[in-house]
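Engineer: what follows is a predicted structure for the sequence shown.
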Amino acid sequence: MTALSINVNKFALIRNARGADMPNLVNISKKCIDYGADGITVHPRPDERHVKYTDLHEIKDLTNDFKKIEFNIEGYPSDDFINRVLDVLPDQVTLVPDPPEALTSSFGWDCEKYQEFLTDVINRFKKNNIRVSIFINPSIKTLSNLEIIKPDRVELYTYDYARNYAVNKTKALASYIEVTEYLRKEFSQISFNAGHDLNLNNLEYLLKNIPTIEEVSIGHALVCDSIDLGLKQTVEKYKKITKK
């Protein structure tokens with residue numbers, strides 16, 4: 001079974017639009033858990049246009065109330081981000097290379113270029129018993145020095161897969177299969193997560209062909225589906241796929 005972590009950033013964006021506390025992010029997160037989610041993901045950005053840093057402890061307190069629900073914080077590892085994560089101590093931190101002004105995460109790490117930087121950051125989190133995942137492109141060329149960097153997991157950036165799925169799903173998935181097979185062979189200790197633009201249409205094919213994916217993080221599509229289906233039915237539909 002693949003774990004379903006729900007990214008609540010877009011719920012936070014709706015809340016922030018009116019400068020009030022509706023919807024309340026803890027309540028939304030609690031409903032997601034009640035309806036079947038295995039974890040909650042947030043991506044606090046420096047401008048706090050989505051999740052705010054003040055939300056982090058409240059969501060961590062919520063997930064602590066459940067034995068098997070994980071809290072995952074995504075973000076670019078600036079000094080401020082690192083300090084805030086170490087203050088909260090989530091179950092997992094996912095490092096993404098996007099700059100502060102980025103609309104959304106749009107590419108993975110170049111592990112050769114950022115070897116020393118990533119190694120230092122990952123060691124800091126591991127010393128505090130936080131699992132570390134890093135965002136990667138579906139390309140072997142960007143994965144050199146993983147044996148030095150030593151993340152616990154890598155998150156497959158699935159934008160290219162989602163964009164090309166309707167055209168040719170086999171071709172769209174080819175580079176991801178190549179990367180996961182390479183990693184299993186060369187770095188068997190590293191596990192896989194996946195995320196970005198996954199939805200009810202393309203998720204099952206991904207997990208059927210790469211069943212070793214430990215966790216998927218889904219936010220934008222899930223919020224959009226909730227408008228049509230309601231949150232409970234939407235979470236249940238995603239969970240039905242990840243449980244297979």
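Structural biologist: Received it, and whenever you're ready, just let me know what you need. Numbers count the residues shown, from 1 in each chain.
Engineer: bridged to residue 72, which residues?
Structural biologist: The partner list for residue 72 in beta bridges (DSSP bridges) reads residue 41, residue 92.
Engineer: report how many residues lie close to it.
Structural biologist: 26 (other CB atoms under 10 Å). (C-beta placed from N, C-alpha, C; glycine too.)
Engineer: go on, residue 188?
Structural biologist: Applying other CB under 10 Å, we find 8 residues neighbouring residue 188.
Engineer: go on, residue 13?
Structural biologist: Here the neighbour count serves as a burial measure; for residue 13 (other CB under 10 Å) it reads 14.
Engineer: and what of residue 48?
Structural biologist: Once other CB under 10 Å is used to define contacts, residue 48 is seen to have 13 neighbours.
Engineer: confidence score at residue 82?
Structural biologist: At residue 82, the pLDDT value in this model is 97.
Engineer: now do the SS call for it.
Structural biologist: In the three-state summary, residue 82 is assigned as helix, counting by DSSP: H, G, I helix; E, B strand; the rest coil.
Engineer: give the contact list for it.
Structural biologist: By CB atoms under 8 Å, 6 or more residues apart in numbering, residue 82 lies in contact with 121, 124, 125.
Engineer: helix or strand for the first one, which one?
Structural biologist: Right, residue 121. In this structure, residue 121 is located in helix 115-126 according to DSSP states H and E.
Engineer: longest helix of this protein, counting residues only.
Structural biologist: When every helix of the chain is counted residue by residue (DSSP state H), the longest turns out to be helix 169-186.
Engineer: can you point out the buried residues in stretch 200-220?
Structural biologist: 200, 202-203, 205-207, 210, 213, 215-220 (16 or more other CB atoms under 10 Å).
Engineer: export only the CA atoms of it, formatted as PDB.
Structural biologist: These are the backbone C-alpha positions of stretch 200-220, laid out as PDB (Å, rounded to 0.1, in the frame of the first residue of the first chain):
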ATOM      1  CA  LEU A 200      -7.700  10.600  -9.900                       C
ATOM      2  CA  ASN A 201      -7.000  10.000 -13.600                       C
ATOM      3  CA  ASN A 202      -3.200   9.300 -13.600                       C
ATOM      4  CA  LEU A 203      -2.500   8.100 -10.100                       C
ATOM      5  CA  GLU A 204      -3.400   4.500 -10.400                       C
ATOM      6  CA  TYR A 205      -1.300   3.900 -13.500                       C
ATOM      7  CA  LEU A 206       1.700   5.400 -11.800                       C
ATOM      8  CA  LEU A 207       1.400   3.200  -8.700                       C
ATOM      9  CA  LYS A 208       0.600   0.100 -10.700                       C
ATOM     10  CA  ASN A 209       3.800   0.400 -12.600                       C
ATOM     11  CA  ILE A 210       6.000   1.700  -9.700                       C
ATOM     12  CA  PRO A 211       4.500  -0.100  -6.800                       C
ATOM     13  CA  THR A 212       7.500   0.600  -4.600                       C
ATOM     14  CA  ILE A 213       6.400   4.200  -4.100                       C
ATOM     15  CA  GLU A 214       6.100   4.700  -0.400                       C
ATOM     16  CA  GLU A 215       4.000   7.900  -0.400                       C
ATOM     17  CA  VAL A 216       2.200  10.300  -2.700                       C
ATOM     18  CA  SER A 217       1.600  13.900  -1.800                       C
ATOM     19  CA  ILE A 218      -1.600  15.300  -3.400                       C
ATOM     20  CA  GLY A 219      -3.100  18.800  -2.900                       C
ATOM     21  CA  HIS A 220      -4.200  20.900  -5.800                       C
END
